[in-house]
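Participant: Please find the sequence and the predicted model below.
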Amino acid sequence: MRQLQKIQQAHSIILDPAVAQLRSRHDRPGAAFPWIWKSCARRGLHVVLDGVFNHVGRDCPVFQRALAEGPVSREASWFHLSRPGEGSPAQEPGYATFEGHSQLVALNHQEPAVADYVTRAMTHWLDRGADGWRLDAAYAVPRQFWRSVLPAVRARHPQAYIFGELIHGDYSGFVAETGVDAVTQYELWKAIWSSLNDRNLFELAWALKRHSEMLETFVPQTFIGNHDVTRIAGQLRDERYLAHAFVILMTCGGTPSIYAGDEQGFRGIKEHRAGGDDAIRPQFPGAPADLAPFGWLVYRLHQELIGLRRRHPWLCRARSRVIELRNADLLLEAFHQEARLLVALNLADAPVVHAINGSVERLAGDLTTRRRGPATEIALAPHGWGILASDPT
């Protein structure tokens, strides 16, 4: 566990010195953030910051003052400190941590000063051009804390997009009780790679059913990779299914994100030990020309499917309906109001043929279509996939 991360666990308003030294092309040190945000805005991009408001690093000035000043410290109430009944006054008190990491000190979210500080930190960066927040370890924070903080943030920035990291539990309930816009959809993430590894698309179909139910109340944040999990190219036992994973992500409802490097097929295994995140968070080369050549095929697939999703913006709220399902092949419909797409997946070693009523057109993938009277025959190659739409002609 790094003591100082770029999200600056020591202080949520003062920049990490390494970040503060970033320069824009023409400005002084520290001016890079507004320059980056303006550059993103010109390209139609929004910037969402990752905020760690469940805990701080041991170097946090508030925590260090609470230790130095002892029980009389006004800031001791920011933390869950436990002092021994006997022993030297100089003895360091015990303190609550985040998931047992001694370098990560849990905040006391019952303390009003903590709520005030988090509110000021969030509005500080939204005032300066950020478009939203990802709330790290939101699941570890009492829900009432978010319910008390977020209205004040939204009063100044009603359009801010705020979503929380949630792994298990009642996703819809968390959204309703906290006031966040969305949560991380770990259920679907797990079902995608697990169903592909096991050639058990029944698991995926069940997860998509639950996912569709969530979409009735909020739009989940969807992903097949992030900075906390094994990269998707390393998670899959058969890399031929890397395209299938991305097809699912790009054709189901939600707000999808791509973890930097996954679009180049980066590999990396998450290990549960000190330094176990290093392989999934590698240093990037200095220029695109220095990237490995084998990653560009994956990159082109990302371009193709992101373009398809942009041409069908309704997919953000699309439900999924199973049309045909077997262990190793699936035909489903993504739909919202009157809009429809068909998604076909084949994990089998043999071709798969589906027959559907009406006419369709191929949008992407390795499949062929042939009219047979009023129906259309769809043929997928072994380990193939395809996306189709109703033929406007």
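Facilitator: That came in fine, so what should we check first?
Participant: Residue 198: neighbouring residues, count only.
Facilitator: 14 (other Cβ atoms under 10 Å). In this view, the C-beta of every residue, glycine as well, is placed from N, C-alpha and C.
Participant: which stretches of the stretch 1-150 of the chain have low pLDDT?
Facilitator: 1-32, 85-90 (pLDDT under 70).
Participant: Which parts of this structure are helices?
Facilitator: 17-20, 32-42, 61-69, 112-127, 143-156, 171-178, 186-198, 201-214, 232-235, 242-251, 296-311 (DSSP state H).
Participant: would you list the ones you listed in CSV and tack on distance to residue 101?
Facilitator: Listed next are the helices of the chain as CSV, based on distance: least, Cβ to Cβ, whole Å:
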stretch, distance to residue 101
helix 17-20, 21
helix 32-42, 28
helix 61-69, 14
helix 112-127, 19
helix 143-156, 20
helix 171-178, 23
helix 186-198, 20
helix 201-214, 30
helix 232-235, 24
helix 242-251, 30
helix 296-311, 34
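Participant: just so I know, which of these lies nearest residue 341?
Facilitator: Relative to residue 341, the nearest member of those by Cβ to Cβ is helix 242-251, separated by 6.3 Å.
Participant: For the closest one, what does the pLDDT average out to?
Facilitator: Across helix 242-251, pLDDT averages out at 98.
Participant: Is it correct that residue 58 is in contact with residue 103?
Facilitator: Yes. Contact criterion Cβ atoms under 8 Å: residue 58 and residue 103 qualify, at 5.4 Å.
Participant: Residue 373: which of the helices of the chain is closest?
Facilitator: That would be helix 242-251 among these, by Cβ to Cβ, at 28.0 Å.
Participant: What lies in contact with the closest one?
Facilitator: 192-193, 196, 204, 222-224, 232-233, 236, 256, 265, 298, 301-302, 305-306, 308-309, 315, 318, 334, 341, 343, 345, 347, 365, 385, 387 (Cβ atoms under 8 Å, 6 or more residues apart in numbering).
Participant: quick one: that helix to helix 186-198, angle?
Facilitator: 150 degrees (axes from the mean of the first three to the mean of the last three Cα atoms, to 10 degrees).
Participant: Relative to residue 135, which of the helices of the chain is closest?
Facilitator: helix 143-156 (7.4 Å).
Participant: Quick check on the contacts of helix 242-251: which are buried?
Facilitator: 192-193, 196, 204, 222-224, 232-233, 236, 256, 265, 298, 301-302, 305, 308-309, 315, 318, 334, 341, 343, 345, 347, 365, 385, 387 (16 or more other Cβ atoms under 10 Å).
Participant: What's the local residue count around residue 361?
Facilitator: Neighbours around residue 361, by other Cβ under 10 Å: 12.
Participant: doesn't residue 389 make contact with it?
Facilitator: Yes. Judged on Cβ under 8 Å, residue 361 makes contact with residue 389 at a distance of 5.7 Å.
Participant: Tell me where the stretch 201-350 of the chain has strands.
Facilitator: Secondary structure of the stretch 201-350 of the chain (DSSP state E, counting those that start in this stretch): strands at 221-223, 255-257, 319-326, 329-336, 339-346.
Participant: who touches the fourth one?
Facilitator: Contact partners of strand 329-336, identified using Cβ under 8 Å, 6+ apart, comprise 201, 204-205, 208, 251-253, 314-315, 317-325, 340-348, 352, 354, 356, 378, 380.
Participant: How about residue 370, nearest residue that isn't a chain neighbour?
Facilitator: Distance criterion Cβ to Cβ, 6 or more residues apart in numbering; nearest residue to residue 370, sequence neighbours excluded, is residue 377 at 4.7 Å.
Participant: How about the contacts made by that neighbour?
Facilitator: Residue 377 touches 353-355, 369-371, counting by Cβ under 8 Å, 6+ apart.
Participant: for residue 186, same thing?
Facilitator: With Cβ under 8 Å, 6+ apart, residue 186 has these contacts: 166-168.
Participant: again, only using 10 Å
Facilitator: By Cβ atoms under 10 Å, 6 or more residues apart in numbering, residue 186 lies in contact with 165-169, 171, 220, 222-223, 226, 228-229.
Participant: what's the nearest residue to residue 34 if we skip its chain neighbours?
Facilitator: Closest residue to residue 34 apart from its sequence neighbours, by Cβ to Cβ, 6+ apart: residue 129 at 5.6 Å.
Participant: All set, thanks.
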